[in-house]
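Participant: have a look; sequence and predicted model below, questions after that.
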There are 2 protein chains.
Amino acid sequence: MSTRDKILDAAAEVIAERGLARATTKAIAAAAGYSEATLYKHFDSKTELFTAVLVERSPGDLSGALARLRRPESLDDHAAALTDVAAAAVDFYRQGFPMAASLFAEPELLRAHRADLERLGGGPHLAVAAVAAFLDECRARGEVAHGINVDAAAALLMGACFQRAFLSHFNGPDDDAGTTRAFAASITATLIAGMRRN
Amino acid sequence: MSTRDKILDAAAEVIAERGLARATTKAIAAAAGYSEATLYKHFDSKTELFTAVLVERSPGDLSGALARLRRPESLDDHAAALTDVAAAAVDFYRQGFPMAASLFAEPELLRAHRADLERLGGGPHLAVAAVAAFLDECRARGEVAHGINVDAAAALLMGACFQRAFLSHFNGPDDDAGTTRAFAASITATLIAGMRRN
């Protein structure tokens, strides 16, 4: 395992144990068996490390699922691809919630994280924007309704995943993979079909 | 203004200033000009007080908008009623986010809050359930598509509002009332119309 991977694993563990605010780079370096200097060779800042943990140590492969959206497919495949994205998003958001909560509980930390994300060109709105861009391409190819508001559709799909992750944390216990998949399939199908009586 | 209202106003202020974890009943009672004993005459627990602040001091009237769903109306009015709910939900969730974040950052506080909510029959899943119940009645009256999954539709609508509130906190600044209303209208219309090419 690379040094970078060992640091990411240690960071994920320390964050899970102590919460983000108390997960110091000192503690993370010690848990990985390295010096803080080594940690900072691989990550410019605590935010960059935390963001890498969130993106690379998430159980659902949200980046991968979003990347697969970039291939043109038939509408049936679109539904499957969007279901993949939704299922990965629930897992990703579920993993990210305690980190986001720690950020919100510490205004200074939130400001620093936000500034770092801006510098890195990242942020929580990007996954929603990626889904909207995909739907926009589908619309241009005539594969979904011409009049569709792609930003609203993306907000509905990803928002449902986001709240699902919150509710599973709040009410516990976590959904298993099958339940998450069924939820993802049901919101995707409902969004495609709409509620209007035909 | 009643004693209860004065305590709620003081609690909202102290929570906004200090965060939930540091908003003690002692500080809230002092800010309201009462003793802690008086505070506990009106609220059984800190959770009950916090829940009352969230529900009764939220800028959007989510409870009112949900209550209005209980009147049968035509589908056009359904869209207006759902838009009202969505706009109020964005405001409600936006107000609730810092409180929810404080809860998640303090596992002990979250457990206590969850237990209290269970006892009081409350919880963050109830607004989603209320929208689903409304759509179920619409379906029974033949006013929306027969095959619609009402739980999925409610999860989409309320989830989009929930994530919108999060993103406005994260990326700041807050949306104004007109922007929130336009967002609420666009997600409602998109959910009703669906994405399928007709």
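Facilitator: Perfect, thanks for sending it. Everything numeric in this text was worked out from a predicted model, so none of it was measured. Residues are numbered from 1 along each chain as shown, chains lettered A, B, ... in the order given.
Participant: and the pLDDT at the residue in chain A that chain B sits nearest to?
Facilitator: Nearest residue of chain A to chain B, counting by C-beta to the nearest C-beta: A:G194, 2.0 Å away. Backbone N, C-alpha and C define where each C-beta goes, glycine included. pLDDT, A:G194: 90.
Participant: figure out the helix or strand that the residue at minimal distance from the centre of chain A lives in.
Facilitator: The centroid of chain A falls nearest to A:F92 when counting by C-alpha atoms, centre = their mean (4.1 Å). Element membership for A:F92 (DSSP states H and E) is helix A:75-105.
Participant: how close does A:A182 get to A:A189?
Facilitator: As judged by C-beta to C-beta, to the nearest Å, A:A182 and A:A189 stand 11 Å apart.
Participant: of the two, which one has the most company?
Facilitator: A:A189 (17 against 14; other C-beta atoms under 10 Å in any protein chain shown).
Participant: wait, doesn't A:A155 sit right on B:A160?
Facilitator: Yes. Using C-beta atoms under 8 Å, A:A155 is in contact with B:A160, at 4.5 Å.
Participant: the two - which one has more neighbours?
Facilitator: A count of neighbours by other C-beta under 10 Å puts B:A160 above the other of A:A155 and B:A160, at 32 against 27.
Participant: need the pLDDT of that one.
Facilitator: 98.
Participant: which helix or strand contains the nearest residue to it once chain neighbours are set aside?
Facilitator: Nearest residue to B:A160, sequence neighbours excluded (C-beta to C-beta, 6 or more residues apart in numbering or on different chains): A:G159, at 3.5 Å. In this structure, A:G159 sits in helix A:150-171 according to DSSP H and E.
Participant: which element is the nearest residue to A:E36 once chain neighbours are set aside on?
Facilitator: Nearest non-adjacent residue to A:E36, counting by C-beta to C-beta, 6+ apart: A:A29, 4.6 Å away. If you go by DSSP H and E, A:A29 is part of helix A:25-32.
Participant: burial measure for A:V14, as a count.
Facilitator: Other residues near A:V14 number 23, with proximity taken as other C-beta under 10 Å.
Participant: which secondary structure elements does the helix or strand it falls within contact?
Facilitator: A:V14 belongs to helix A:3-18 when assigned by DSSP H and E. Other elements packing on helix A:3-18 under the criterion 3 or more C-beta pairs under 8 Å, 6 or more residues apart in numbering or on different chains; DSSP states H and E are helix A:25-32, helix A:36-42, helix A:46-56, helix A:75-105.
Participant: and that helix, what's buried?
Facilitator: Within helix A:3-18, the residues scored as buried using 16 or more other C-beta atoms under 10 Å in any protein chain shown are A:R4, A:K6, A:I7, A:L8, A:D9, A:A10, A:A11, A:A12, A:E13, A:V14, A:I15.
Participant: pLDDT for the residues you listed - can I get that in TSV?
Facilitator: Formatted as TSV, the buried residues of helix A:3-18 follow (pLDDT from 0 to 100):
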residue	pLDDT
A:R4	95
A:K6	95
A:I7	95
A:L8	94
A:D9	93
A:A10	95
A:A11	93
A:A12	88
A:E13	90
A:V14	90
A:I15	83
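Participant: one step back: contact partners for the residue of chain A closest to chain B?
Facilitator: B:A145, B:L191, B:I192, B:A193, B:G194, B:M195, B:R196 (C-beta atoms under 8 Å, 6 or more residues apart in numbering or on different chains).
Participant: and the last one, which of the three is it?
Facilitator: Read that as B:R196. coil (DSSP: H, G, I helix; E, B strand; the rest coil).
Participant: tell me how chain A divides into domains.
Facilitator: Following automatic domain parsing, one gets these domains for chain A: A:1-45, A:58-193.
Participant: what about the closest residue to A:H78 other than its chain neighbours, neighbour count?
Facilitator: By the measure of C-beta to C-beta, 6+ apart, the closest residue to A:H78 outside its immediate chain neighbours is A:C138, 6.2 Å from it. Using other C-beta under 10 Å, A:C138 has 23 neighbouring residues.
Participant: where does chain A dip in pLDDT?
Facilitator: Residue ranges of chain A with pLDDT under 70: A:59-60, A:72-76, A:105, A:107, A:120, A:198.
Participant: one more time with 50
Facilitator: Within chain A, not a single segment meets pLDDT under 50.
Participant: by contact count, what packs against the one helix or strand A:E137 maps to?
Facilitator: Here A:E137 sits within helix A:126-140, counting by DSSP H and E. Contacts defined by 3+ C-beta pairs under 8 Å, 6+ apart place helix A:126-140 against helix A:62-68, helix A:75-105, helix A:150-171.
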